[in-house]
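S.K.: Could you work out the structure for the sequence below:
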Amino acid sequence: MSCCFTTAFAKQRCIWLAWPHDTTKWPNDCIPAQKEFAALCMALSMSAPVFVLVPKKDLERASFIIPHHINLIEVPDSPIDFDEISLVSKGEQIFVLSRGKVWSPKLESTYQLWHDKYQVQRESVDLVWPQGGFLTDGSQLFVALASLWLKENPKLTLRDIEALLNKALGFTDFVWLATKDMNQAIPRLDSLCTIRSDGTVLVSKESDPMIASLTEELSTTLDGRLGGMGRRFTVYQIPAVDNFELCRALKSRAQDSYAYPTYASVLPMNERLLVPLYGTARDNQILDLMMNIFKDLDVTGVEVKDITSGHILWHTLGVGIPALKKRSHDKVGSTNYS
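M.R.: Just a heads-up that it's a prediction; the model follows:
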């Protein structure tokens, strides 16, 4: 199987999200994070249908907090986020890939829903993917941190990993960022950088020396590089989040690759671009900057400080169903999962 790994900027049919419910991650019974989550759902629903997986015990509260036009799907057990999987397409078929060698039991009911509605099939790659494991422009480009992939797959070389990724996902242009200390926690790549197929690249400009060395390498490596769509990349340096208390708190609890708050971790949804806000004076400056960079998109800010405090990269709470050229008929009873 050689699939197309679509980026978040690709057209999405709808988006599914996981209701924040883990009290070991979010304080105050998850309520501050859930209120931010409701606003996130509202913003996303302006560009695509939204479906929220909710555990039975939380359904009453979710029904009260979430806007009524959002679709709530009661499930036996809901994941914390969708970071363990990716959705890819090949022709008229959508596949769900596990980022590990074991499928998450908390997503079993969701897999069945997707199979019944969208004919999504499961596929496996004989690799373990690190959190936020790589970046792509939606073509054959694959950008990743070598140390994390080698740590998760100790019996493989980089060439072995490339061969498996090429066979499964069609990647041919591999960019391995410099190996860092495998025992040192580092931010996830997808929290530091976002790539669009038109050549636009957002990279967070950080002051922490370790993080700055990684973002500077990203900028140097990608700026001016020819992407798979035939366009040269233009890197935009995005100012760092000035909520230092939040940044320090997340870094102090970090293990391996961790969610790090940046403005570069945007979430596109069709004609809209959602930009994370952290309740600081810099938020408005960032919105103006994004409007200048993405003139063809409707830029909308969403508060994510409380969501992020749960050590969750905010946009991994959702996963988009890729829009295919031909859409299959509904097959889930009388319920319309768009």
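S.K.: give the contact list for D298.
M.R.: By Cβ atoms under 8 Å, 6 or more residues apart in numbering, the contact set of D298 is 47, 271-273. (Glycine included, C-beta is placed from N, CA and C.)
S.K.: A281 now?
M.R.: Contact partners of A281, counting by Cβ under 8 Å, 6+ apart, are D242.
S.K.: shaky segments in the stretch 101-250 of the chain?
M.R.: 101, 179-184, 228-229, 244-250 (pLDDT under 70).
S.K.: now the helices for it?
M.R.: 108-118, 146-152, 158-169, 189-192, 209-222, 244-252 (DSSP state H, counting those that start in this stretch).
S.K.: how about the first one: buried residues?
M.R.: It stands for helix 108-118. 109-111, 113-115, 117-118 (16 or more other Cβ atoms under 10 Å).
S.K.: picking that back up, among the contacts of D298, which are located in strands?
M.R.: 272-273 (DSSP state E).
S.K.: Pull out the buried residues from the contacts of D298.
M.R.: 47, 272-273.
S.K.: Closest to P209 out of the residues you listed?
M.R.: L273 (30.3 Å; Cβ to Cβ).
S.K.: What separation do you get for that closest one and V241?
M.R.: For L273, the distance to V241 (Cβ to Cβ, to the nearest Å) stands at 17 Å.
S.K.: swap in E152?
M.R.: E152 sits 27 Å away from V241 when distances are taken as Cβ to Cβ.
S.K.: so A240 touches T215, yeah?
M.R.: No: A240 is beyond contact range of T215, at 9.2 Å (criterion: Cβ atoms under 8 Å).
S.K.: what is in contact with these two at once?
M.R.: 204-206.
S.K.: Can you classify A33 by secondary structure?
M.R.: Recorded secondary structure, A33: helix (DSSP: H, G, I helix; E, B strand; the rest coil).
S.K.: what's near enough to touch it?
M.R.: 20, 26, 306-307, 309-310.
S.K.: now, among those, which is nearest to M210?
M.R.: S309 (21.6 Å).
S.K.: Can you verify my assumption that that closest one contacts W26?
M.R.: Yes: counting by Cβ under 8 Å, S309 touches W26, with 7.0 Å between them.
S.K.: how about stretch 300-310 as PDB, C-alpha atoms only?
M.R.: Presented in PDB, the C-alpha positions along stretch 300-310 are these (Å, rounded to 0.1, in the frame of the first residue of the first chain):
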ATOM      1  CA  THR A 300      -9.900  33.000  13.700                       C
ATOM      2  CA  GLY A 301      -8.300  32.900  17.100                       C
ATOM      3  CA  VAL A 302      -9.200  30.300  19.700                       C
ATOM      4  CA  GLU A 303      -8.200  30.200  23.400                       C
ATOM      5  CA  VAL A 304      -6.300  27.000  24.200                       C
ATOM      6  CA  LYS A 305      -4.300  27.800  27.400                       C
ATOM      7  CA  ASP A 306      -6.300  25.500  29.600                       C
ATOM      8  CA  ILE A 307      -6.400  22.700  27.000                       C
ATOM      9  CA  THR A 308      -2.600  23.000  26.600                       C
ATOM     10  CA  SER A 309      -2.100  22.900  30.300                       C
ATOM     11  CA  GLY A 310      -3.100  19.200  30.200                       C
END
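S.K.: Dig out what L177 forms beta bridges with.
M.R.: Here L177 shows beta-bridge partners L145, assigned using DSSP bridges.
S.K.: Report the separation between it and W149.
M.R.: From L177 across to W149, the span is 10 Å (Cβ to Cβ).
S.K.: ok, now E92?
M.R.: 31 Å.
S.K.: Compare neighbour counts for these two and give me the winner.
M.R.: The neighbour comparison of E92 against W149 (other Cβ atoms under 10 Å) goes to W149, with 21 against 11.
S.K.: got a list of what the more buried one touches?
M.R.: Contact analysis of W149 by Cβ under 8 Å, 6+ apart lists 127, 129-130, 133, 158, 161.
S.K.: V102: neighbour count?
M.R.: V102: 9 neighbours (other Cβ under 10 Å).
S.K.: circling back: including distance to A264, could the helices of the stretch 101-250 of the chain go into TSV?
M.R.: Below are those laid out as TSV (distance: least, Cβ to Cβ, whole Å):
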stretch	distance to A264
helix 108-118	29
helix 146-152	19
helix 158-169	24
helix 189-192	6
helix 209-222	9
helix 244-252	14
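S.K.: mind checking which of those helices is nearest P55?
M.R.: helix 108-118 (10.7 Å).
S.K.: Does anything pack onto the closest one? Which helices or strands?
M.R.: If you count contacts as 3 or more Cβ pairs under 8 Å, 6 or more residues apart in numbering; DSSP states H and E, helix 108-118 packs onto strand 71-75, strand 93-98.
S.K.: how many neighbours does the closest residue to L150 other than its chain neighbours have?
M.R.: Leaving aside its sequence neighbours, L150 sits nearest to L158 (Cβ to Cβ, 6 or more residues apart in numbering; 7.0 Å). Number of residues near L158 (other Cβ under 10 Å) recorded here: 15.
S.K.: Hmm, L158 is touching V175, no?
M.R.: No: using Cβ under 8 Å, L158 makes no contact with V175, being 11.3 Å away.
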